[in-house]
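1. Have a look; sequence and predicted model below, questions after that.
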Amino acid sequence: MNWKSLFPLLRKEFILEFRQRYAISGIVLYVFSMVFVVYIASIRVSPPVWNVLFWLIVLFASINAVVKSFVQESGTRQLYYYQLADPVLLVLAKILYNTLLLLVLSTLAFGAYSLVAGNPVKDHFLFALVVLLGSMGFSIAFTFIASIAAKANNSATLMAILSFPVILPILLTLVRLSSIALGLIQDTAYMRDIINLLAIDTILIALTFVLFPYIWKD
Amino acid sequence: MKIYHSRIIITFILLLAISLPAVYAEGNRDFMRETGKINVVVAVILLIFLGIVWYLIRLERKLTKLEHQTKDD
Amino acid sequence: MWWKALSIVLIIYTILAGMLVPLKSGIQRTEPAFAKAGADQTIRFYGYNTFFQKASDTPVRVWLYYDDRHALAASDFQVLNDTILEARFRFPGQLPEKKESVSLNALIDHPVAGAALLPAAVYLSSNPDSTGNTGLDSAWTANPVEQLHVQSGFSFPYQNVIYESIRNTYFHVPMWFVLLFLFTASVWYSIQYLRNPEPENDRRAAAFAETGLLFGALGLPTGMIWAKYTWGQPWSNDIKQLMTAVALLIYLAYFILRRSFDEYEKGARLAAVYNIFSFASLIPLLYIVPRMFASLHPGATGNPAFGSQDLDNTMRAVFYPAIIGWTLFGFWIAQLRIRYQRLYDKALGLD
């Protein structure tokens, strides 16, 4: 495996995104619209609701951001990559890129959301860590599922139903950790949850490396 | 072939629907609770039996269809 | 095939033994459930599966006990019928421990039906100005609980709230085990398919998944019925409920994924990949959910196995055969499904 080719692949993702600026603008607009809808629908948001709604916004924005990651390139170009690069590096580049993308998106969502619905976060460091871990987990799971869904015709629907059961462990842990950061639950032993989350990410990324070549095979 | 997976979902919903009266029947609670809640066991066994029989009937229907198809060829 | 016969024999044994073996005798409740120190009080005991009237050479004995050393025997009692017994207690002026009140456990020992126990049956509150029964404090230690009888013959444990529905252990609980085994078999054949893409491996993976789905669809509602009448509500975010629900969602998605491709090979391969990926991602739930929701299932703390302290030997003698019997039965159904699919694929010329 030639690790050096990781960086050109990663650069390719950025260039591609930059060329299709309307796609990323669409996602950002999507986040703002959702935040606005939440604001209109419920003027006063209590911290527990704030927590759940924030993760729902991030979840749906993530699904929509990642689902395009495999469909935006044509089949012939994918065949070209297949001959050129190791599939593991290719998926790693996509995961890294999507992690960054989701991190930016959730930061944006957090900014917009706290602007309209207030900012009940007590432990900002923990919350930032949770957002980072969340972006990682979402990115790994969604990138993998998107690569499966992209092979089918109705990929958007498929993406949602395939990813929900897979994402559930991550989502449950994230909501729990961020409610600690919001001071809703008193629990000093949240390191266990962080380790759980890292363990899930490790399992998922290991599985991605093993299984992705089989998806990529045609 | 295409409606095949929707059948699985319908199966599941059907089984849930069968059990719903037992789950939510407030008026029936005495029936379910009397004689040491033995009727809960009866309901469970009955549901399992019905579910398996339903699955087998479905399988048999599919087999019959297949038999007809192969006979036509 | 011998294992099919074995599955039928074991399931028949499970149904017969599971339904016919009686419950141990127990105490449902006491009336009144409160008493004051230093008073004389008559307490009525409502038994379950008790035979108070059954004659025997040694008499029935009744206690209210606090701990190993402090127990109060009934001074006098009267049997009203087989399930109701009235006992008279002369409560000493002092509690066994210096407290505002203590909870006493009721214990009725019958030579034939064995000992029946109700924890925290009577709350005894202290009485600072009690004049009666003073000097009776040695009564707490005068008649210790001893020489209890054990019911002869087979019987299942008696538990309040659960009562006879403890028999569901042999019908509802094995569904979860069958589901686990069938889904594991499905993942196994999915791995085999990726290593060796033969239609047979894919057929097996799909058939095991479908049969597992059937047993999951049976386990969930039966569990909800049972939960409704013992825990009070059909759904309680329990780890096993959640995992079964998520497993069902995964395999429903699995079947939808299989059918969304025009090429057979592509659908089979991607479904196999998804099967492995999602099954593995299910495992972390075992560690996560118990941190958020307390489990009501016995043997909690995220252990999928049945807690050993909840099964006595008689129950084990039915429970283990039940699991084996239902599992073999599940594999039998899966095998029928595989054989059907094999014929179907042959008829369509896919194989």
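-> Noted; the coordinates are in hand. Residues are numbered from 1 along each chain as shown, chains lettered A, B, ... in the order given.

2. Quick check: residues of chain B near chain A?
-> For chain B, no residue is in contact with chain A (Cβ under 8 Å from any Cβ of the partner chain). For glycine as for every other residue, the C-beta is placed from the backbone atoms N, C-alpha and C.

3. ranges for the helices of chain B?
-> Along chain B, counting by DSSP state H, helices occupy B:4-24, B:29-72.

4. can you check chain A too?
-> Under DSSP H, chain A gives helices at A:6-19, A:21-41, A:47-67, A:75-84, A:87-117, A:124-149, A:155-181, A:191-215.

5. Export those helices to a markdown table and append columns for mean neighbour count.
-> A markdown table is the format used below for the helices of chain A (neighbours: other Cβ atoms under 10 Å in any protein chain shown):
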| stretch | mean neighbour count |
| --- | --- |
| helix A:6-19 | 14 |
| helix A:21-41 | 15 |
| helix A:47-67 | 20 |
| helix A:75-84 | 11 |
| helix A:87-117 | 19 |
| helix A:124-149 | 22 |
| helix A:155-181 | 21 |
| helix A:191-215 | 18 |
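
6. can you tell which of those helices is closest to chain B?
-> helix A:155-181 (11.1 Å; Cβ to the nearest Cβ).

7. is chain C contacted by that closest one?
-> Yes - with Cβ under 8 Å from any Cβ as the criterion, chain C is reached by helix A:155-181 at A:158, A:161-162, A:164-166, A:168-169, A:172-173, A:176.

8. same question for that helix, mean pLDDT?
-> Averaged across helix A:155-181, pLDDT comes to 88.

9. Then stretch A:71-83?
-> The model assigns stretch A:71-83 a mean pLDDT of 71.

10. hang on, the earlier thing: lowest average pLDDT across the helices of chain B?
-> helix B:4-24 (a mean of 64).

11. and chain A, which residues reach chain C?
-> Applying Cβ under 8 Å from any Cβ, we find that chain A lies next to chain C at A:141, A:144-145, A:148, A:151-154, A:158, A:161-162, A:164-166, A:168-169, A:172-173, A:176, A:192-193, A:196, A:199-200, A:203-204, A:207-208, A:211, A:214-215, A:217-218.

12. residues in contact with the residue lying closest to residue A:129 once chain neighbours are set aside?
-> Excluding its sequence neighbours, the residue lying closest to residue A:129 (Cβ to Cβ, 6 or more residues apart in numbering or on different chains) is residue A:194, at 7.3 Å. Applying Cβ atoms under 8 Å, 6 or more residues apart in numbering or on different chains, we find residue A:194 in contact with A:129, A:133, A:177.

13. Mind telling me which of the helices of chain A the model trusts least?
-> Of all the helices of chain A, helix A:75-84 has the smallest average pLDDT, which comes to a mean of 72.

14. Contacts only, for residue C:258.
-> B:5, C:206, C:267-268, C:271 are the contacts of residue C:258 under Cβ under 8 Å, 6+ apart.

15. these two touch, right, residue C:104 and residue C:66?
-> Yes - assessed by Cβ atoms under 8 Å, residue C:104 is found in contact with residue C:66 at 5.7 Å.

16. the more surrounded of those two?
-> residue C:104 (28 against 18; other Cβ atoms under 10 Å in any protein chain shown).

17. Which strand residues bridge that one?
-> Beta-bridge partners of residue C:104, counted by DSSP bridges, are residue C:122.

18. Relative to chain B, which residue of the stretch 201-350 of chain C is the closest?
-> residue C:221 (3.4 Å).

19. Doesn't that residue lie inside a helix?
-> Yes - Residue C:221: assigned to a helix according to DSSP: H, G, I helix; E, B strand; the rest coil.

20. Would you state the predicted confidence (pLDDT) at it?
-> For residue C:221, the model assigns a pLDDT of 90.

21. Any idea how far stretch A:131-151 is from the middle of the chain?
-> Centroid separation for stretch A:131-151 versus its chain: 5 Å, with Cα atoms, centre = their mean, to the nearest Å.

22. now check it, is it near chain B?
-> No - counting by Cβ under 8 Å from any Cβ, chain B is not contacted by stretch A:131-151; separation bottoms out at 16.0 Å.

23. Mind exporting the C-alpha coordinates of that stretch to PDB?
-> Output of stretch A:131-151 as PDB, limited to C-alpha atoms (Å, rounded to 0.1, in the frame of the first residue of the first chain):
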ATOM      1  CA  VAL A 131     -18.900  17.300  18.200                       C
ATOM      2  CA  LEU A 132     -15.400  16.100  16.900                       C
ATOM      3  CA  LEU A 133     -16.100  12.500  17.900                       C
ATOM      4  CA  GLY A 134     -19.600  12.700  16.400                       C
ATOM      5  CA  SER A 135     -18.300  14.000  13.100                       C
ATOM      6  CA  MET A 136     -15.800  11.200  13.000                       C
ATOM      7  CA  GLY A 137     -18.400   8.500  13.800                       C
ATOM      8  CA  PHE A 138     -21.000   9.900  11.400                       C
ATOM      9  CA  SER A 139     -18.300  10.300   8.700                       C
ATOM     10  CA  ILE A 140     -17.100   6.700   8.900                       C
ATOM     11  CA  ALA A 141     -20.600   5.100   9.100                       C
ATOM     12  CA  PHE A 142     -22.200   7.300   6.500                       C
ATOM     13  CA  THR A 143     -19.300   7.100   4.000                       C
ATOM     14  CA  PHE A 144     -19.400   3.300   4.100                       C
ATOM     15  CA  ILE A 145     -23.200   3.200   3.800                       C
ATOM     16  CA  ALA A 146     -23.100   5.800   1.000                       C
ATOM     17  CA  SER A 147     -20.700   3.700  -1.000                       C
ATOM     18  CA  ILE A 148     -23.300   0.800  -0.800                       C
ATOM     19  CA  ALA A 149     -26.300   3.000  -1.500                       C
ATOM     20  CA  ALA A 150     -24.500   4.700  -4.400                       C
ATOM     21  CA  LYS A 151     -24.600   1.400  -6.300                       C
END
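
24. if we can go back for a sec, so which of the contacts of residue A:194 comes closest to chain C?
-> Closest to chain C, out of all of the contacts of residue A:194 and judged by Cβ to the nearest Cβ, is residue A:177, at 10.6 Å.

25. all helices of the stretch 151-300 of chain C, in order?
-> C:173-195, C:199-230, C:239-259, C:264-282, C:285-292 (DSSP state H, counting those that start in this stretch).

26. Helix C:173-195 and the third one, what's the angle between them?
-> Helix C:239-259 runs at 40 degrees relative to helix C:173-195, counting by axes from the mean of the first three to the mean of the last three Cα atoms, to 10 degrees.
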